[in-house]
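> build me a model:
(2 chains)
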Amino acid sequence: MRFIFKTNYAQDINIARHSGDRFWYSLLIILMLAMPLLIDDFYLGEISYVCILAIAGIGLMILSGYTGLASLGHAAFLGIGAYTHAFLLTNGIPFFASIPIVVIVSFMVGALIGIPILRLTGMYLAIATLALCFIAEHVFIKWEHFTGGNRGMPVPQPEIMGMSFYDSATFYYVCLAFLILSMFAAINILRSPTGRAFVAIRDSEIAAQSLGVNLGLYKALSFAISGAFTGLAGALLAHYIGYLAPDIFNIFLSLTLLLLIVVGGMGSLHGTVFGAIFVGYLPQLIAICRDYLPSSIGSQPGLEPMLFGLILVLFILYEPLGIYGRWVKVKLFFQLFPTYKKQTFKKQKVFTKSDRV
Amino acid sequence: MSLFEVKNITVSFGGVKALNNVSFTVDKGEIFTIIGPNGAGKSTLFNVISRIYEPSNGEIFFDGENISKIKPHNISSLGIARTFQNLELFENATVLQNMLLGRHIYKKTNILSEILFTNKTRQQEREHRLKIEEVIDFLDLQHYRDTLINGLPYGVRKNVELARALCTAPKLLLLDEPSSGLTNEETNDLGFWIKDIQSLLGITIIMIEHDMSFVNKVSDRILALNYGEILASGLPSEIKENADVKQAYMGE
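Sure thing, here's the model as predicted:
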């Protein structure tokens, strides 16, 4: 077990807690950079998709995992990001100019939508964001000048320094770079006053307010930041799909994102990556399993959504902290071996919360 | 000169008058205790002061300024901090993070400099930490800096909540039943701390409390409430002998 002797406040501010962190994360980044040499194009495309999902997951994690606000409408932000990006590229804006515009547009849309609907809480907020998802889908269908309506819209694949996005290695590096940047941005937000204010709102609104956190402002800010990350993911997703149609950004995509953060582990950025890997590969896993199941079950059309739902329920019941929570437990088991106690993570029942104002 | 003044505050919930025409003043540097049986309106009074409840009538003055129309999140930057009867800590955060939130009102960075984590942001974090360490030393919380609130015993949690309130560097501290749920020893410590907060930090304290021996030991003045009305106010010795107070607590 590692005991950290703290001699400097910077040790509590820095991202890497100790040299072990730096070593393992550098190793991970080197491995990710070497990935195109190790695996073939199909799996590279899959990893790019996982990166995109992880960026969207960071967005939803900030909103739901850290600020404690549910959203069933994040497919709308993916759609806004994707369509804005495709529209800008079609009109000759270069890739690296388009991305910041997409981020700003999604941020603004998030703030504009967030201000009215964040007066709602809990279940009502979930319903309002669900409505957002349907409204966005209809806008994508009806606003033909901008989105091409039901006919869809091709996404131009730009070239960066002479390398085309059709080359899966190039696209992979772009996705990986944006994932790393998003991760750093999210970590920085969460270790500064704004991120702490989000956590405060999640754990106790009344205490947050009495410590000077403007609830309306910070909830809207959380929604906007969340929208910005998800919009960025949408822009990359547009390249991954290649041809946009309104029905891609439906409620099922929102639920996939929700599954991602719950399975990954609420309230942890590690969880977004674990969740993205899980959600990204789950359809493949289900497709493979179909072959081995009896045809009466294996060829059912609704198998995928049902399994998604089932997995969501099972995780909430048996591992509320998700894959990341399990990872922490396993790590602690080996650190404390052989003295690990199962009760370490048992949630204490607290009876003092009954009398909220 | 009085630092804090409540003038004719009335709060009604439907037909029930939780507070009826309550007025009092608190002087600078005083420890002012509010006592009363359950349902007397003590916590309601605190919630009116921190602007969570809207009074149907009356005004509140702090430092000569009328604060009865100020938004709840602006109260703490005026210099009023509070604790809660049933602990409102941020449970899934560490003690340090909880206390850092006490410094929220001193935040000078905007979201952009935070995303980039500029030198200014880093500098600000260090300055906050320096202030927090003073409070940690003051309240003996050195052992718990990186512990999640979830894993702390009740007495320490109460202490952390007091620490968080002190981190805002208030002029007026509202303590809602600070000794409830504490052991005798912890209550003793708390008594010393409250005296120290008054004398060393120069903070005025308004406190709701039930433990009468504790109240008599630390208070400068006491206000007794019952059914939303003032029964009596005065020095601890006067309150102890007051016939109305005796009747409210012990019956005929």
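> low pLDDT regions in the chain?
Since you didn't name a chain, this refers to chain A. Along chain A, segments meeting pLDDT under 70 span A:1, A:347-357.
> wait, chain B
For chain B, the stretches with pLDDT under 70 are B:1, B:252.
> ok, residue 155 - contacts?
You didn't pick a chain, so chain A it is. For A:Val155, the contacting residues are A:Ala82, A:His85, A:Ala86, A:Leu89, A:Ala238, A:His239, A:Ile241, A:Gly242, A:Tyr243, A:Leu244, by CB atoms under 8 Å, 6 or more residues apart in numbering or on different chains. From N, CA and C alone the C-beta is placed, and that goes for glycine too.
> was after chain B, sorry
So B:Gly155 contacts B:Gly181, B:Leu182, B:Thr183, B:Glu186 (CB under 8 Å, 6+ apart).
> name the element it belongs to?
helix B:154-167 (DSSP states H and E).
> quick check: buried residues in that helix?
For helix B:154-167, the neighbour count (16 or more other CB atoms under 10 Å in any protein chain shown) marks B:155-167 as buried.
> what residues does the stretch 151-252 of chain B put near chain A?
Residues of the stretch 151-252 of chain B found near chain A (CB under 8 Å from any CB of the partner chain) are B:Arg164, B:Thr168.
> what about the residue most central in space within chain A, distance to A:Phe95?
The centroid of chain A falls nearest to A:Gly57 when counting by CA atoms, centre = their mean (0.4 Å). A:Gly57 sits 23 Å away from A:Phe95 when distances are taken as CB to CB, to the nearest Å.
> got it, and A:Asn214?
A:Asn214 is 37 Å from A:Phe95, where distance means CB to CB.
> B:Leu116 touches A:Ile189, doesn't it?
No - with contacts counted by CB atoms under 8 Å, B:Leu116 stays clear of A:Ile189, the gap being 10.3 Å.
> got a winner among the contacts of B:Gly155 for most neighbours?
Neighbour counts for these (other CB atoms under 10 Å in any protein chain shown) peak at B:Leu182, which has 19 neighbours.
> shouldn't that one be in contact with B:Leu190?
Yes - applying CB under 8 Å, one finds B:Leu182 in contact with B:Leu190, separated by 6.5 Å.
> give the contact list for whichever residue of the stretch 1-150 of chain A sits closest to chain B.
Closest residue of the stretch 1-150 of chain A to chain B, CB to the nearest CB: A:Tyr9 (4.7 Å). Going by CB under 8 Å, 6+ apart, A:Tyr9 touches B:Glu125, B:Arg126, B:Arg129, B:Leu130.
> what's the helix or strand for the second one?
With the criterion set as DSSP H and E, the secondary-structure element containing B:Arg126 is helix B:119-138.
> please see if that helix touches chain A.
Yes - using CB under 8 Å from any CB, helix B:119-138 reaches chain A at B:Thr121, B:Arg122, B:Gln124, B:Glu125, B:Arg126, B:Arg129, B:Leu130.
> got those residues as JSON lines, with neighbour count columns?
Output for the residues of helix B:119-138 next to chain A, formatted as JSON lines (neighbours: other CB atoms under 10 Å in any protein chain shown):
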{"residue": "B:Thr121", "neighbour count": "23"}
{"residue": "B:Arg122", "neighbour count": "18"}
{"residue": "B:Gln124", "neighbour count": "20"}
{"residue": "B:Glu125", "neighbour count": "21"}
{"residue": "B:Arg126", "neighbour count": "14"}
{"residue": "B:Arg129", "neighbour count": "18"}
{"residue": "B:Leu130", "neighbour count": "10"}
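> so can I have a markdown table of those residues showing distance to A:Phe184?
Formatted as a markdown table, those follow (distance: CB to CB, whole Å):
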| residue | distance to A:Phe184 |
| --- | --- |
| B:Thr121 | 13 |
| B:Arg122 | 14 |
| B:Gln124 | 19 |
| B:Glu125 | 16 |
| B:Arg126 | 20 |
| B:Arg129 | 22 |
| B:Leu130 | 26 |
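> between the buried residues of helix B:154-167, which is closest to chain A?
B:Arg164 (7.2 Å).
> pull the number of nearby residues for A:Tyr340.
With neighbours defined by other CB under 10 Å, the count for A:Tyr340 comes to 14.
> list the residues that contact it.
A:Leu332, A:Phe333.
> give me the secondary structure label for it.
Assigned state for A:Tyr340: coil (three-state reduction, DSSP: H, G, I helix; E, B strand; the rest coil).
> ok, of the contacts of A:Val155, which come out buried?
A:Ala82, A:His85, A:Ala86, A:Leu89, A:Ala238, A:His239, A:Ile241, A:Leu244.
> the fourth one touches A:Glu159, doesn't it?
No - the pair A:Leu89 and A:Glu159 does not pass the contact test of CB under 8 Å, sitting 11.5 Å apart.
> tell me what whichever helix or strand A:Leu44 is part of is packed against?
Per DSSP H and E, A:Leu44 falls inside helix A:41-60. Packing contacts for helix A:41-60, counted by 3 or more CB pairs under 8 Å, 6 or more residues apart in numbering or on different chains; DSSP states H and E, involve helix A:19-38, helix A:74-90, helix A:168-190, helix A:215-241, helix A:251-264, helix A:269-292.
> for it, what is the distance to the chain centroid?
Here helix A:41-60 shows a centroid-to-chain-centroid distance of 10 Å under the convention CA atoms, centre = their mean, to the nearest Å.
> next, the buried residues of it.
A:44, A:46-60.
> any idea how chain B splits into domains?
Per the record, chain B has its domains at B:1-79+B:170-252, B:90-169, by automatic domain parsing.
> got TSV for these, with distance to A:Gly309 too?
Below are the domains of chain B laid out as TSV (distance: least, CB to CB, whole Å):
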stretch	distance to A:Gly309
domain B:1-79+B:170-252	39
domain B:90-169	26
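> can you get me a residue count around A:Gly152?
A total of 16 residues lie near A:Gly152 under the criterion other CB under 10 Å.
> and if you look at B:Phe62?
22.
> partner residues bridging it?
Counting by DSSP bridges, B:Phe62 is bridged to B:Phe4, B:Glu65.
> residue contacts, it?
B:Leu3, B:Phe4, B:Glu5, B:Leu78, B:Gly79, B:Ile80, B:Leu172.
> chain A: which of those is nearest?
Nearest to chain A among the contacts of B:Phe62, counting by CB to the nearest CB, is B:Ile80 at 8.6 Å.
> for that closest one, which non-adjacent residue is closest in space?
Counting by CB to CB, 6 or more residues apart in numbering or on different chains, B:Leu172 is the residue found nearest to B:Ile80 once chain neighbours are left out, at 4.8 Å.
> burial count for the one you found?
When neighbours are counted by other CB under 10 Å, B:Leu172 registers 22.
> that one contacts B:Ile203, correct?
Yes - counting by CB under 8 Å, B:Leu172 touches B:Ile203, with 7.1 Å between them.
> distance of the residue located most distally from the centre of chain B relative to B:Lys108?
Each residue of chain B has a distance to the centre, and by CA atoms, centre = their mean the biggest one is for B:Leu116: 35.9 Å. For B:Leu116, the distance to B:Lys108 equals 15 Å [CB to CB].
> which helix or strand lies directly C-terminal to the helix or strand containing A:Leu132?
Using DSSP H and E, A:Leu132 falls within helix A:122-142. As assigned by DSSP H and E, the chain's next helix or strand after helix A:122-142 is helix A:144-147.
> list the buried residues of that next one.
A:Thr147.
> check stretch B:175-191 too.
Within stretch B:175-191, the residues scored as buried using 16+ other CB under 10 Å are B:Leu175, B:Asp176, B:Glu177, B:Pro178, B:Ser179, B:Ser180, B:Leu182, B:Glu186, B:Thr187, B:Asp189, B:Leu190, B:Gly191.
> inside strands: which ones of those residues?
Counting by DSSP state E, the part of the buried residues of stretch B:175-191 found in strands is B:Leu175, B:Asp176.
> quick one: the buried residues of stretch B:175-191 as JSON lines, columns for distance to A:Gly280 too.
What follows is the buried residues of stretch B:175-191, written out as JSON lines (distance: CB to CB, whole Å):
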{"residue": "B:Leu175", "distance to A:Gly280": "51"}
{"residue": "B:Asp176", "distance to A:Gly280": "49"}
{"residue": "B:Glu177", "distance to A:Gly280": "51"}
{"residue": "B:Pro178", "distance to A:Gly280": "51"}
{"residue": "B:Ser179", "distance to A:Gly280": "54"}
{"residue": "B:Ser180", "distance to A:Gly280": "50"}
{"residue": "B:Leu182", "distance to A:Gly280": "51"}
{"residue": "B:Glu186", "distance to A:Gly280": "51"}
{"residue": "B:Thr187", "distance to A:Gly280": "56"}
{"residue": "B:Asp189", "distance to A:Gly280": "54"}
{"residue": "B:Leu190", "distance to A:Gly280": "53"}
{"residue": "B:Gly191", "distance to A:Gly280": "59"}
